[in-house]
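Engineer: could you look at this predicted model? Sequence included:
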Amino acid sequence: MKLYTICEFCRSNINVKSSCSTRSELQMKEGDHLSVYCSSCNELNKKHVNDICAQANGKVLLIALIISIIVSAILWMILGAIGVISVAIIILFAQQEMKAVKSFNSYLIRRK
Ligand SMILES: [Zn+2]
């Protein structure tokens, strides 16, 4: 999962570097407002934590896909059968990722 916000000057996406998995965690760590620097127009944006959105990280899903291919290849060699395991792994990863994104985006901090 990655966090991003929209630049108010040039409307481009700004990636927010944070390891926080929930909005409340982000608020606790960074406060109500975050200062994010737009790399496209070099403007400093002051963003409320509610303006930060989460997005599924394609990289994580790709890694999950690769792992599931490797696992099913190994299983193929050992058991001679390709199971639903590889499919289950990628679905599990994707589900986890989507759940984290959904919970981040659905939880809003009360604005003061
Ligand atoms: Zn910008």
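Structural biologist: Sure, I can see it. Numbers count the residues shown, from 1 in each chain.

Engineer: switch to C-alpha atoms for all contacts and neighbour counts from now on
Structural biologist: Noted.

Engineer: how about residues contacting the helix or strand where residue 88 lies?
Structural biologist: Assessed by DSSP states H and E, residue 88 sits inside helix 85-106. Helix 85-106 is touched from outside by 1, 21-23, 53-57, 61, 64-65, 68-69, 71-72, with contacts defined as Cα atoms under 8 Å, 6 or more residues apart in numbering.

Engineer: by neighbours, which of those residues wins?
Structural biologist: residue 54 (24 neighbours; other Cα atoms under 10 Å).

Engineer: pretty sure it contacts residue 13?
Structural biologist: No. Counting by Cα atoms under 8 Å, residue 54 sits too far from residue 13 to count as a contact (11.8 Å).

Engineer: out of the contacts of helix 85-106, which one sits closest to residue 44?
Structural biologist: residue 53 (17.7 Å; Cα to Cα).

Engineer: ok, that closest one to residue 106 distance?
Structural biologist: 10 Å (Cα to Cα, to the nearest Å).

Engineer: identify the contacts common to residue 54 and residue 13.
Structural biologist: Common neighbours of residue 54 and residue 13 (Cα under 8 Å, 6+ apart) are residue 4.

Engineer: tell me which element residue 14 falls in.
Structural biologist: Counting by DSSP H and E, residue 14 is found in strand 13-16.

Engineer: great, nothing more from me.
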